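In: Sequence and predicted structure, then a few things I'm wondering about:
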Amino acid sequence: MEKKHRIRKSTEFKRAYVKGKNYWNRNFTLYIKKNDLNYTRFGIVVTKKLGKAVVRNKIKRKIREINRSLLPFLKEGYDIVLIPKKNTVDLSYEELKKSVEHIYNLAGILKR
RNA sequence: GGAGUAAGUUGUAUGGUCGCAUGCGAGAGCAUGAGGAAAGUCCGUGCUCCACAGAGCAAGAUGCUGGGUAAUACCCAGUGGGGGUGACCCUAAGGAUAGUGCAACAGAAAUAAACCGCCUUUAAUGGCAAGGGUGGAAAGGUGAGGUAAGAGCUCACCAGCAUUUAGGUGACUAAGUGGCUAUGUAAACCCCAUCUGGAGCAAGACCAAGUAGGAGCUACUAAAGAUAGUUGCUCGCUAUCGCUCCAAAGGUAGGUCGCUUGAGCAUAUUGGCGACAAUGUGCCUAGAUAGAUGACCAUAUAAACAGAACACGGCUUACAGACUUACUCGUUAC
RNA sequence: GCAGGUAUGGCGGAAUUGGCAGACGCGCUAGAUUCAGGUUCUAGUGAAGGUAACUUCAUGCAGGUUCGACUCCUGUUACCUGCA
């Protein structure tokens, strides 16, 4: 995923937390905030509770890959922050993808 | 082939589709892209700032000997002690005769002596310490002589201490001589020898939105004092104390650098028992900053521990499977 | 990335010149009081084995020093805190 599709600044994360709407399901917490740009940006936050560095990296990479494949089906102009929960450690790629689609559907940012 | 000891290597590969980071390129694209422990942060260095780093005290570290190294608590070669039939392994291993403290309970007594006991015809305000029991530890041990009973009182061997000679750079070893001997603990304080200034790449340097203040200069008071900083403390050191001027300066968010050519890697020769050193030749091999290696498919029986964030040298800990070399024991079931 | 701290029964929390581990409180169990419950009072309460007397193991885990370790030293695991 290119750099322009990532959230990179600490202040932008904070803005999503404070001003954005949040949604959640079994596996994720999601914060969404409209940005002033005409493209969508992602942020993934993996806390130390989920495991060691190898485990955290693996989750990040899987979610990044999922977001890349879903990008054409999302509405433009949003900052999206995804926070995986503890039980995502044991999930396969396919299960993760279903869960992410589910939570995006809840938030209403999937194109029809 | 069995049981074992030591050292070492490897630790997914190949192909396809999509995708990420860095460099090069106008672009298409091309090249490169985690580890043996990248980990723990336990030591040691470089590097940066604090006065290119100072004095004393305090505090801390190391602790058999000699060597290696940029340095170390690491490594190599040895010494003493302990374990194993053996290959081999383990070892915080200076000083208890510099001083102080502590040694519960038990026991007559715990760093100094007498409860029971033995002896002198009986007995002790006398002599004795062999035997008993307690304890982690009880006044050198075993045997013989000796005696009223006993005792290093005497002798032999052993242990310990002091000392002499020989060997070794040294730890120490071997032999001799001497007087007969006061437990343990220094991972208790301490003594001795050697070493250590503090903080850390979120170090630090540069650019710089917003906000609103900031800078320069000279000398009055004058080497006194106050405040702040610098190291735990004492010194020492540094900055500030008044006047004038400017619309810029300092600096937060943010950005750029630090950031990878280095005690580097490979290889050959020489010196050294070895750690290692010297010389020659060749090579350039991640550099991110919400942080790059992933997803899916095919083949191979199965594939662990685990992910760089300034760098390097060690140590420690985690680790599936596969393989190599040297050596030891045992001796026969094939 | 760097710096520091904590760990003791079911829970909180004592125990330091190194000398009987589990004080004390909460909780739990049993009994008394009551028609019943609560309150109150009394007793017990780490685990395993044993009829019992009692024995063995227990201070996160693994070693070491010491006659003796919750305490001293080394390694390690988990959790917590601070630093832009």
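Out: Cool, got the structure. Keep in mind it's a predicted model, so treat the numbers as computed, not measured.
In: In contact with A:Ala107, which residues?
Out: A:Ala107 is in contact with A:21, A:23, A:30, A:32, counting by C-beta atoms under 8 Å, 6 or more residues apart in numbering. Every C-beta, even on glycine, is put in place using the N, C-alpha and C of the backbone.
In: Packing partners of the helix or strand hosting the last one?
Out: In other words, A:Ile32. Element membership for A:Ile32, per DSSP states H and E: strand A:28-34. With contacts defined as 3 or more C-beta pairs under 8 Å, 6 or more residues apart in numbering; DSSP states H and E, the secondary structure elements packing on strand A:28-34 are helix A:10-19, strand A:21-24, strand A:78-84, helix A:93-107.
In: Past that strand, which element shows up next along the chain?
Out: Scanning the chain past strand A:28-34 towards its C-terminal end, the next helix or strand to appear is strand A:41-44 (assignment: DSSP H and E).
In: Contacts for that next one next, please.
Out: Outside of strand A:41-44, the residues within contact range by C-beta under 8 Å, 6+ apart are A:1, A:4-7, A:12-13, A:16, A:35, A:60, A:63-64, A:67, A:78-84.
In: Could you see whether RNA strand B lies near it?
Out: Yes - among the residues of strand A:41-44, A:43-44 lie within reach of RNA strand B under C-beta under 7 Å from any atom of the strand.
In: Please apply the same query to stretch A:74-87.
Out: No - Stretch A:74-87 does not reach RNA strand B (C-beta under 7 Å from any atom of the strand); its nearest approach is 7.8 Å.
In: ok, now stretch A:100-112?
Out: No - using C-beta under 7 Å from any atom of the strand, we find that stretch A:100-112 stays clear of RNA strand B, coming within 13.1 Å at best.
In: and chain A, which residues reach RNA strand B?
Out: A:1-3, A:6-11, A:13, A:43-45, A:52-54, A:57-58, A:60-62, A:64-65, A:68, A:92-94.
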